[in-house]
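In: Sharing a model prediction with you, sequence too.
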Amino acid sequence: RWLFNQTVCTLYAFCGVLFGLCSLGSLTVLSTVCCLKVCYPAYGRCWAGFSWSHAAGLLLGVWAYALAFATAPLARWGSYGPEPYGTACCITWEASSREATLYILALFIFCYLLPCLLILVSYALILWTVRMSRRALRQH
């Protein structure tokens, strides 16, 4: 069972959601930047080299995105609570209201489905570009 009070449960769940979303967001940004650099080298030259400020801006965007979705249950759009087994805390997946259902749906679409699709498309484009480059080299 959960050994601490509701405040600690909420903090634990908030941190889990925040760091999980930051992790997936960072992987999404990394795959997208790699795709741009490999598949569209002319676009990469427009940046005049990928600098620390670009990386910092992207990381700041990832953290802001994750923070927006992680703080939503604190603003009563969704909620945090004990998991079904009661040993840890997370998002309350059993939606008790229309707002909670919308939060879970938004979380699924914008924090899982969209990042996963971007990662898959990015790496598919990278593989396709490498394959086409290899084919072009064989012809020469």
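Out: Yes, it's here. Numbers count the residues shown, from 1 in each chain.
In: I'd like the mean pLDDT over the top helix by length along the chain, please.
Out: Longest helix in the chain by number of residues (criterion: DSSP state H): helix 6-39. Helix 6-39 shows a mean pLDDT of 95 in the predicted model.
In: Okay, buried residues for it please.
Out: Judged by neighbour count (16 or more other C-beta atoms under 10 Å), helix 6-39 contains these buried residues: 9-10, 12-14, 16-18, 21-22, 24-29, 31-33, 35-36, 38-39. The C-beta positions use only the backbone N, C-alpha and C, and glycine is treated the same way.
In: Excluding chain neighbours, what is closest to the spatially most central residue of the chain?
Out: Taking C-alpha atoms, centre = their mean as the criterion, Gly25 is the residue nearest the geometric centre of the chain, at 2.8 Å. Once flanking residues are discounted, Gly25 sits nearest to Val62: 3.9 Å by C-beta to C-beta, 6 or more residues apart in numbering.
In: In terms of secondary structure, what does the helix or strand hosting the one you found contact?
Out: Under the criterion of DSSP states H and E, Val62 resides in helix 52-71. In terms of contacts (3 or more C-beta pairs under 8 Å, 6 or more residues apart in numbering; DSSP states H and E), helix 52-71 is packed against helix 6-39.
In: if I read this right, Ile119 contacts Val29, doesn't it?
Out: No - checked against C-beta atoms under 8 Å, the pair Ile119 and Val29 is beyond contact range at 9.9 Å.
In: Show me what the mean pLDDT comes to for the helix holding Val62.
Out: Confidence for helix 52-71, expressed as mean pLDDT, is 94.
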